[in-house]
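>>> quick check, what structure comes out for this input:
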Amino acid sequence: VHVRSDVNILMVSQGELYIPIDYKLNANETIALIQHEIGTHVLTYYNGKRQPLKLLSIGLTDYDTLQEGLAVMSEYFVGGLTANRMRTLAGRVVASAARMHGADFQGIFRLLHKDYNFSPARSFNITSRILQGGGFTKDISYFKGFLQVKEYLEEGGELEP
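Sure thing, here's the model as predicted:
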């Protein structure tokens, strides 16, 4: 785990968790963070590294969707998928879709703030996240994967395998 001043979002890279130095969490968010980032992403990376086919540590087709679906579901299992967290994830999906349709910073910010009643600070944070690096639309996979895992479990699928 690295707490650093040169990162602006929480992320896992090659099995290492990076946390911005000014990142703040309450106890419930901390439990969800541990399950999402460490219990899913870090564990998968190191498990994959131990397999004969090393490619499993970086993933295959649709890897991100499944990974994020499992990670968000793990937040749910520990009670960390609060209404506020779900709303933030939904806001990121709305912002990603707007970006894919050509919206700029102001357009996305206004959409979140005016149409969806996010606070100015939350609207700014979501918009900044979506626009980093020219367009960060990976957040769409969080919901897509979560819904796929949910459907799988509802149809009698097992989590253990």
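
>>> which residues touch the strand or helix carrying residue 67?
Here residue 67, judged by DSSP states H and E, is contained in helix 63-77. If you take CB atoms under 8 Å, 6 or more residues apart in numbering as the criterion, helix 63-77 is touched by 32, 35-37, 39-41, 44, 59, 81, 85, 89, 138, 141-150, 153. For every residue, glycine as well, the C-beta is placed using N, CA and C.

>>> pull out the buried residues from the residues you listed.
32, 35-37, 39-41, 44, 81, 85, 89, 141-146, 148-149 (16 or more other CB atoms under 10 Å).

>>> in the protein, which spans are helices?
If you assign secondary structure with DSSP state H, the helices in the chain sit at 27-33, 43-49, 63-77, 83-100, 105-110, 120-131, 140-154.

>>> out of these, nearest to residue 9?
Minimum separation from residue 9 across the helices of the chain (CB to CB) falls at helix 120-131, 6.4 Å.

>>> need the contact partners of the closest one.
Contacts with helix 120-131, where a contact means CB under 8 Å, 6+ apart, come from 9, 88, 91-92, 95-96, 99, 105, 108-109, 112-113, 118, 136-137, 139.

>>> give me that answer again for 6 Å
Contacting residues not belonging to helix 120-131 are listed as 91, 92, 95, 96, 99, 105, 108, 109, 112, 113, 136 [CB atoms under 6 Å, 6 or more residues apart in numbering].
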